[in-house]
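Trainee: predicted model, plus sequence, below.
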Amino acid sequence: MYFLMTTIMLMEIYLIVSLSLNFLLGVAGRFSAYEAAIMGVGAYTATLLAKNLGVDLLLGCLIGAAFCAVIGILFQIMTRYMDFFTFKISSFAMQMTLWQTFMTWRPVTKGSNGIYGVPRPDVLGISFDSMAAFFWLVTALSAVVVAMFLYLERSQFAIALRGLRDGEDALESLGKNTFALKLKVFALSGAATGFAGGLLAGLLRSVSPYSFYVYVSVIFIIFVIAGGRGNLRGTLIGVVVLTILQESIKMIPGLPTTWIGPLQQIFYGLVLIGVIILRPEGLVPEKPIISRLKLRNLGQALPGFSFLSQPSMRKTGT
Amino acid sequence: MQLLIELLLAGSVGGVKVGIAALGFALIFFASRELHFAFGAISVLGGYVCYWVAVALGSGGFGVVVGALVAFTVTALFGIALHKYLYRSLKSVTPVLMASIGVGIVLENAMQIIAGPDINILAFRSLTQVVEIGFLRIRALDIYVLLLFAVVAIALDLFMNRTRLGQGLGATIADPEMAELVGIRTERMRVGAYCAGAVLGTTTGIIQLLDTGVRSSNGFLILLYALIITIMGRGNLRSVAIWSVAFGIARSLWSWQFATDYTELAVFAMMLLYLMIRDYLDRYQKGRGSTGEATHEAAAAASQ
């Protein structure tokens, strides 16, 4: 029971991060690989506030989320004029910079030992110290965040972001401020990721840099790619299925314990290669926006606004 | 003064060890425009293959040489196979990136299962002994590595600028479509670049094997440094070589002045800041010229 609750909570936290990454990577087309480090920033902020200043962990999560949003905005300002490749590499460098900060800023983060004994939240006199209470808290909060993302996916904002992904110049010529859009999406996804990091600190009751290494970022990318870029429900399915499969690797009888970690990584690698070769658009592909309008029977409708960047496709496709 | 020279030397040795891999990665990236994320894992695979062959043959100098040859062959074939059968069928940038990340993860963890998480090292007294040149004390291995890098960088430069094949490769890097039109077989050039890149990466793996030992998790760091140096080099192999030395020297100068703990942090932060400032300056200069493209081409023409 304890194991099940922990797994489900982990799944919910990963779900929040993957949804925010899908918003960034799938919907807005900004390939970033620093989700784990941002999650770490949220976790450390919440933990330090809770431990040193006596702030409630939940409030700490919110402050951490705001801080992460600021970092996301700063990162977007830094990478404003970068091309595609440089942007990707910069996001990796950003991940490593933040991770090294966790490792080396010993007076504050306690280095590689991490911080132990994170107090769980206590809201309006209700204590969430026990596992079951905290489980319901995390479930409720993540349901709110997931619902917010699912709502945002169908909003005008997301349509503008899809335009940003598929035809930035065209969107600019329509009078949209693309840089402001990018800032908004980075702030949004940074905030959600940081919030999830705070919840993770409450779940584990400790933070250590090893929870936020670059492999974790890669695993989030795998969740998004496998579930389907630009379709948040796909990510939902992807996270649940992959986490269950990953946990079931542990159940294989007679497996040496040192093999579990590598085998899980190999599993994720194989999933990534398999999805890219067999079904590049992901398990649940993004639906063409145009099908929601009058042109429902346009057979060759493309996902999102891809027709903007490939004007000839519409003519030759019929 | 003596300390400064020693630091410069130690820094260049550190930079050069990464620099050989960075040259290999840069060759692959510039020629094929594919971010080959499995590169680090393949380099480490080369180190392991060399180790296994050398141990099987009885660890002498002969075993290492045979092991290195076997490792070069294996990794080059592996790289070419990846390019031909996986990357080329994907046709686009992001899928190739994803697939190569997947291959890298699988390879790294398979090696960890097969070889265990421990460090494998081949130590030779003749390589680790300290040589004294004047007041400088330096390990024999470091001298060889410096010489090797100089040879590789100069040979690559001569190859790219003086030979017909190298000019073809340069054309493929500069403008693949045009190169195809004038009759250069760009696909062959790419395969060649993959082959050479794998060999250079394996060289770094073998240097690690002889120096500090090779372990499966080293691959990612090799890859990351090679990636960042390649992006800093901007399509020019000469500047990749210079940047890798500058990177090593910056690292060692930092550890001279400040706490050694913060070296990695400082290196990554400096790289990030450099990339940011470079692109902002580019934008600024483009904005000043009458037409951005024209001034850019003029600058490129003037530099050649």
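Mentor: In hand now; what should we look at?
Trainee: poorly predicted segments of the chain, please.
Mentor: As the question left the chain open, I've gone with chain A. Applying pLDDT under 70 to chain A flags the ranges A:288-318.
Trainee: ah, no, chain B please
Mentor: Within chain B, the stretches with pLDDT under 70 are B:59, B:289-304.
Trainee: show me the helices in it, by range?
Mentor: B:2-32, B:39-56, B:61-81, B:88-90, B:93-115, B:125-128, B:140-162, B:164-174, B:176-181, B:186-211, B:218-233, B:237-257, B:263-288, B:292-303 (DSSP state H).
Trainee: burial count for residue 110?
Mentor: As the question left the chain open, I've gone with chain A. 16 (other CB atoms under 10 Å in any protein chain shown). Any C-beta I mention is one placed from the backbone N, CA and C, and that applies to glycine too.
Trainee: that was the other one, I meant chain B.
Mentor: Using other CB under 10 Å, B:Ala110 is surrounded by 18 other residues.
Trainee: got the contact list for it?
Mentor: Contacts for B:Ala110 (CB atoms under 8 Å, 6 or more residues apart in numbering or on different chains) come out as A:262, A:266.
Trainee: related to what we said a few turns ago, do you know which of the helices of chain B lies nearest A:Glu281?
Mentor: helix B:93-115 (10.3 Å; CB to CB).
Trainee: buried sites along that closest one?
Mentor: For helix B:93-115, a neighbour-count test (16 or more other CB atoms under 10 Å in any protein chain shown) marks B:94-113, B:115 as buried.
Trainee: now do stretch A:76-83
Mentor: Buried residues in stretch A:76-83 (16+ other CB under 10 Å): A:76, A:78-79, A:81-82.
Trainee: one more: stretch A:121-140?
Mentor: Quick answer for stretch A:121-140 (16+ other CB under 10 Å): A:121, A:128, A:134-135, A:137-138.
Trainee: how about those residues, which pair is most distant?
Mentor: The distance between the two most remote of these (CB to CB) is 12.8 Å, for A:Pro121 and A:Phe135.
Trainee: break down chain A into its helices, ranges please.
Mentor: A:2-22, A:35-52, A:57-78, A:84-104, A:106-109, A:131-153, A:156-166, A:168-173, A:178-204, A:214-227, A:232-250, A:257-278, A:306-309, A:312-317.
Trainee: B:Met189 is in contact with B:Gly168, isn't it?
Mentor: Yes - under the criterion of CB atoms under 8 Å, B:Met189 lies in contact with B:Gly168, with a separation of 5.9 Å.
Trainee: neighbours around residue 190, how many?
Mentor: All of this is about chain A. Residues near A:Gly190, counting by other CB under 10 Å, number 31.
Trainee: looking at chain B here, not the other one
Mentor: 24.
Trainee: roughly how far apart are B:Cys195 and chain A?
Mentor: Between B:Cys195 and chain A the computed distance is 22 Å (CB to the nearest CB, to the nearest Å).
Trainee: just B:Arg164 next, same as before
Mentor: For B:Arg164 relative to chain A (CB to the nearest CB), the value is 29 Å.
Trainee: could you count how many residues lie near that residue?
Mentor: With other CB under 10 Å as criterion, B:Arg164 counts 7.
Trainee: ok, A:Pro285 next?
Mentor: 16.
Trainee: what does B:Phe258 give?
Mentor: When neighbours are defined as other CB under 10 Å, B:Phe258 has 11 of them.
Trainee: ok, it to B:Val267 distance?
Mentor: Distance, B:Phe258 to B:Val267, by CB to CB, to the nearest Å: 12 Å.
Trainee: which residues touch whatever residue of the stretch 1-150 of chain A ends up closest to chain B?
Mentor: Nearest to chain B, among the residues of the stretch 1-150 of chain A, is A:Gln100, at 3.8 Å (CB to the nearest CB). Going by CB under 8 Å, 6+ apart, A:Gln100 touches B:262, B:264-265, B:268.
Trainee: try B:Leu45
Mentor: B:Leu45 neighbours (CB under 8 Å, 6+ apart): B:71, B:74-75, B:78, B:107, B:111, B:205.
Trainee: could I get these as TSV with distance to chain A?
Mentor: Output for the contacts of B:Leu45, formatted as TSV (distance: CB to the nearest CB, whole Å):
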residue	distance to chain A
B:Ala71	22
B:Val74	20
B:Thr75	18
B:Phe78	15
B:Leu107	8
B:Met111	9
B:Gly205	19
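Trainee: ok, of those residues, which one's closest to A:Phe31?
Mentor: Nearest to A:Phe31 among the contacts of B:Leu45: B:Leu107, at 22.3 Å, using CB to CB.
Trainee: ok, the residue nearest to A:Gly234 when sequence neighbours are not counted - how many residues close by?
Mentor: Excluding its sequence neighbours, the residue lying closest to A:Gly234 (CB to CB, 6 or more residues apart in numbering or on different chains) is A:Gly228, at 2.9 Å. The number of residues packed near A:Gly228 is 26, by other CB under 10 Å.
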